[in-house]
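In: below are the sequence and a predicted model for it; my questions follow.
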Amino acid sequence: VGKLVDVITGNPTVVKMVVHFNRGARGQSSLKELIQPLVKQVIDNRSLQINTNPVEVYKAWINQVESETGQSCNLPYEVSNDQALEHVEVQQRISASIKVLREVLEKFVSSITASVNKIPYGMRFVAMKLRQALQSQFPDATREDILKAVGNLIYYRFMNPALVAPDAFDIVELSVEKGLTQEQRRNLGSLAKVLQHAAANKAFTAENAALVPLNDYISDAHPKFLNFFHKASTVDEADVHFNQDQYADLITLSKPVIYISVKEICSTHKLLLEHEEAIAPDPNDLLHIILRELGPAPEEKDILGDQYQAPPNASQEATELYQEKLQEAAKSEVSLTLTSRVDVTEDDDTDMKTLFVRTKRMVVDVLSVQQGESLREILNSEATAEQDLEYQTVIRRREETADKRDAEMEKRPDNLQRQATLRDQNLPLDGLKRKILRNLQLLANENMVTEQNNYQEIVDAIARDIRNQHRHRQQRKKELAKLRGTIDSLAQKAKFFQEQNDYYQQYVKACLDNLAKPKSDKKALRKQSIKYNAHRLYEKGVILEIEGLPVGQFKNVTFEIMTADVGQFDVSAKFMGVSMEKVELVFQDLLQLQYEGVSVMKMFGRAKINVNLLVFLINKKFYGK
């Protein structure tokens with residue numbers, strides 16, 4: 001990154017990966033908890049209408065007036081923002097929208113800036129590292145500029161899309177037959193637009209003249225966002241947050257598992273080779289050794305095998321078929337379990353970290369049946385027969401519990417660790433204490449424990465493990481709660497899709513049934529028709545112009561509108577008594593155009609029709625409205 005602004009304007013892959021990951025299963029519940037209450041306030045308020053687009057407000061005003069009166073407004077239908085703002089009615093409607101917008105924005109800003117703890121830790125950690133990196137790379141940059149870049153990640157990339165399109169991110173649950181209405185989407189979009197400007201302290205200009213009155217609000221809200229971004233990007237380091245240390249991987253019974261496609265494996269390997277020096281600038285970094293051992297990046301076919309490779313004499317068509325199968329197979333995921341690149345047995349006492357952890361386990365077993373003033377005193381004292389019997393009872397119960405919990409331990413990668421632990425437990429209590437003393441001597445030679453303080457280092461390590469047990473249990477409970485929530489959400493979504501599928505099936509069936517109705521039923525429909533010459537429709541404002549035909553010739557053109565089916569009309573035109581053309585008019589389509597603010601449509605490719613007044617005419621003549 002050469003300039004600080006590049007962080008904001010660019011779209012690096014790593015940022016997209018971070019945002020996508022934190023919107024995944026773990027981060028989804030956090031995002032939903034953060035955004036859902038705000039979104040529901042908007043979509044549940046059916047009377048809420050926020051529209052600050054002058055042209056849209058102008059067209060909605062014209063549509064309303066013409067639909068209510070049945071008369072043309074005699075105003076142009078296509079105008080610019082400045083022209084629309086010249087009308088007092090438009091100004092008043094936009095002012096009302098801005099007033100409502102301010103009120104809702106206050107609630108949104110207060111809620112967002114108070115939701116620091118609801119942001120997933122992963123997103124906050126990346127934001128912190130981004131802030132620290134930018135401060136290091138751009139020491140002359142102001143605090144505000146740095147936090148703007150951080151805010152671009154937290155608000156614009158992570159939160160804003162879910163606010164604009166909550167249905168796409170499972171933030172809200174909608175009924176099968178209903179989605180977000182155009183008004184609801186416009187309301188959310190208007191709020192998100194101003195929030196984005198407030199987060200970046202970007203004032204509205206003449207291009208958005210209607211929103212210029214909100215610039216003072218943006219100036220007031222921006223410091224709140226900066227404080228929010230600073231708090232959100234200030235968290236504990238990962239090892240502190242997850243209670244991990246240099247021995248954590250040695251005591252973890254279940255190894256981490258990732259799911260990755262074959263294509264991603266090949267791409268990742270290739271990227272690591274291309275950027276090896278940037279990722280691992282230290283020549284002694286283990287990554288260099290691992291990549292040398294792995295060799296060149298493999299192709300997908302090298303991993304999947306010969307079954308996806310076309311024979312040498314295969315035709316072009318067969319080769320393309322094999323290639324398609326290869327690409328499809330490359331998308332399939334495999335599970336990879338974290339394992340040590342060096343196979344070190346648990347009996348290898350030269351691995352000091354492993355030895356330290358094993359010794360801790362043995363010390364815990366001894367302390368569970370024998371007490372004393374210090375660890376050294378306990379290890380040098382002789383165990384009684386009762387203590388030895390109690391120790392054997394404890395070990396036997398532990399083995400029985402472990403066997404029930406883990407009936408298939410033989411198949412697991414950490415079976416060596418289990419076997420080594422069992423060998424330690426098979427020793428009598430005094431034999432175990434002698435082994436502990438030998439281990440402590442080896443650890444003392446590596447300055448990991450000290451004999452002079454009675455090996456207090458290993459006792460302190462055990463105390464830390466006990467203290468952290470509660471944290472681990474609480475974290476497991478949270479993970480289980482999130483997992484259950486995710487499972488429930490998936491079940492609800494599956495039910496939603498099933499209901500949606502049933503709804504569509506019923507709709508299609510109803511359509512097919514209507515098509516299959518006997519013609520006699522259609523004939524039973526009462527035929528209605530109205531006839532007008534083009535000049536009369538021109539006077540009513542329904543016809544605006546007919547291309548290539550002067551107004552004086554409109555009397556020679558006749559239009560007939562006839563009912564064809566429920567909600568469908570056939571419109572025919574005659575010139576000097578000669579039939580010209582015929583088009584089908586669906587009333588639902590007209591209503592949709594009116595709903596979307598379209599005021600003028602073409603018919604027969606030449607006649608410009610006022611949509612509002614045509615709807616008014618049909619309602620009056622055919623529906624008695």
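Out: Yep, that arrived. Numbers count the residues shown, from 1 in each chain.
In: surely residue 258 is within a helix?
Out: No: applying DSSP: H, G, I helix; E, B strand; the rest coil, one finds residue 258 to be strand, outside a helix.
In: now it. Nearest residue, chain neighbours left out?
Out: Leaving aside its chain neighbours, residue 258 sits nearest to residue 336 (5.4 Å; criterion: CB to CB, 6 or more residues apart in numbering). Placement of C-beta: from N, CA and C, glycine included.
In: packing partners of the host helix or strand of that neighbour?
Out: If you go by DSSP states H and E, residue 336 is part of strand 333-337. Contacts defined by 3 or more CB pairs under 8 Å, 6 or more residues apart in numbering; DSSP states H and E place strand 333-337 against strand 257-261.
In: please state the offset of the strand it packs on from the chain centre?
Out: Relative to the centre of its chain, strand 257-261 is centred 19 Å away, using CA atoms, centre = their mean, to the nearest Å.
In: quick check: next helix or strand after the helix-or-strand element of the chain with minimal mean pLDDT?
Out: Sorting the helices and strands of the chain by mean pLDDT, DSSP states H and E puts helix 519-523 at the bottom, at a mean of 46. Downstream of helix 519-523, the next assigned helix or strand under DSSP H and E is strand 529-533.
In: following that next one, which helix or strand shows up next?
Out: Following strand 529-533 in sequence, per DSSP H and E, is helix 534-540.
In: buried ones in that next one?
Out: By 16 or more other CB atoms under 10 Å, the buried positions in helix 534-540 come out as 534, 535, 537, 538, 540.
In: stretch 308-320 now?
Out: Applying 16+ other CB under 10 Å to stretch 308-320 flags 308, 309, 310 as buried.
In: and stretch 467-485, which residues are buried?
Out: By 16+ other CB under 10 Å, the buried positions in stretch 467-485 come out as residue 482.
In: what are the ranges of the strands in the stretch 451-600 of the chain?
Out: Assigned strands in the stretch 451-600 of the chain, in chain order: 529-533, 543-546, 557-565, 568-575, 578-586, 600-603 (criterion: DSSP state E, counting those that start in this stretch).
In: sorry, back to before: pretty sure the residue nearest to residue 258 is touching residue 260, no?
Out: Yes: using CB atoms under 8 Å, residue 336 is in contact with residue 260, at 6.4 Å.
In: helices or strands up against the longest helix along the chain?
Out: Longest helix in the chain, counting residues (DSSP state H): helix 456-515. Identification of packing neighbours for helix 456-515 by 3+ CB pairs under 8 Å, 6+ apart yields helix 25-43, helix 352-367, helix 375-380.
In: quick one, that helix and helix 352-367 angle?
Out: 100 degrees (axes from the mean of the first three to the mean of the last three CA atoms, to 10 degrees).
In: low-confidence stretches in the stretch 101-250 of the chain?
Out: 175-178, 244-250 (pLDDT under 70).
In: could you check how far residue 397 is from residue 378?
Out: Residue 397 sits 22 Å away from residue 378, going by CB to CB, to the nearest Å.
In: give me the more crowded residue out of these two.
Out: Of the pair residue 397 and residue 378, residue 378 is the one with more neighbours under other CB atoms under 10 Å, namely 18 against 10.
In: and that one, what is it in contact with?
Out: The contact partners of residue 378, by CB atoms under 8 Å, 6 or more residues apart in numbering, come to 366, 367, 370, 371, 372, 433.
In: what does residue 600 give?
Out: Residue 600 touches 77, 544, 608, 609, 610, 611, counting by CB under 8 Å, 6+ apart.
In: again, but for residue 377
Out: So, once contact is read as CB under 8 Å, 6+ apart, residue 377 ends up touching residue 454.
In: quick one: it from residue 41, how far?
Out: Residue 377 is 66 Å from residue 41, by CB to CB.
In: with adjacent residues omitted, what lies nearest to residue 214?
Out: Using CB to CB, 6+ apart, the closest residue to residue 214 is residue 194 (5.9 Å).
In: next up, identify which helix or strand that neighbour is on.
Out: helix 182-200.
In: just the CA coordinates of that helix, formatted as CSV?
Out: These are the backbone C-alpha positions of helix 182-200, laid out as CSV (Å, rounded to 0.1, in the frame of the first residue of the first chain):
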residue,chain,number,x,y,z
GLN,A,182,-39.5,-1.2,-2.6
GLU,A,183,-40.3,1.3,0.2
GLN,A,184,-38.5,-0.8,2.8
ARG,A,185,-35.4,-1.2,0.7
ARG,A,186,-35.4,2.5,-0.1
ASN,A,187,-35.7,3.3,3.6
LEU,A,188,-32.8,1.0,4.5
GLY,A,189,-30.7,2.3,1.6
SER,A,190,-31.3,6.0,2.6
LEU,A,191,-30.3,5.2,6.2
ALA,A,192,-27.2,3.3,5.2
LYS,A,193,-26.1,6.0,2.8
VAL,A,194,-26.1,8.7,5.5
LEU,A,195,-24.5,6.3,8.0
GLN,A,196,-21.7,5.6,5.5
HIS,A,197,-21.1,9.3,5.1
ALA,A,198,-21.1,9.9,8.8
ALA,A,199,-18.6,7.1,9.4
ALA,A,200,-16.3,8.6,6.8
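In: got the angle between that helix and helix 25-43?
Out: 120 degrees.
In: which non-adjacent residue is nearest the one residue sitting closest to the centre of the chain?
Out: Among the residues of the chain, the one closest to the centroid is residue 23, at 3.5 Å (CA atoms, centre = their mean). Distances taken as CB to CB, 6+ apart put residue 31 closest to residue 23, at 6.1 Å, once the chain neighbours are dropped.
In: now swap in residue 211 and tell me
Out: Nearest non-adjacent residue to residue 211 (CB to CB, 6+ apart): residue 204, at 4.2 Å.
In: same thing with residue 34?
Out: Of all residues not flanking residue 34 in the chain, residue 118 sits nearest, at 4.4 Å (CB to CB, 6+ apart).
In: show me the shaky parts of the protein.
Out: Within the chain, the segments meeting pLDDT under 70 span 1, 24-28, 175-178, 244-254, 340-351, 402-426, 511-527, 624-625.
In: what's the neighbour count on the residue nearest to residue 211?
Out: Residues lying near residue 204 (other CB under 10 Å) number 18.
In: what of residue 387?
Out: So residue 387, with other CB under 10 Å, has 17 neighbours.
In: what's the helix or strand for it?
Out: Using DSSP H and E, residue 387 falls within helix 385-405.
In: what is the nearest of the contacts of residue 600 to residue 88?
Out: residue 77 (18.8 Å; CB to CB).
In: ok, now which ones touch the nearest residue to that closest one once chain neighbours are set aside?
Out: Spatially, and ignoring its direct neighbours in sequence, residue 77 is nearest to residue 599 (4.3 Å; CB to CB, 6+ apart). Residue 599 sits next to 59, 62, 63, 66, 77, 610, 611, 612 when contact means CB under 8 Å, 6+ apart.
In: give me the phi and psi for the fifth one.
Out: So that's residue 77. With angles defined as degrees, to the nearest 10, residue 77 sits at phi -90, psi -20.
In: same question, the first one
Out: When quoted as degrees, to the nearest 10, the phi and psi of residue 59 stand at phi -70, psi -40.
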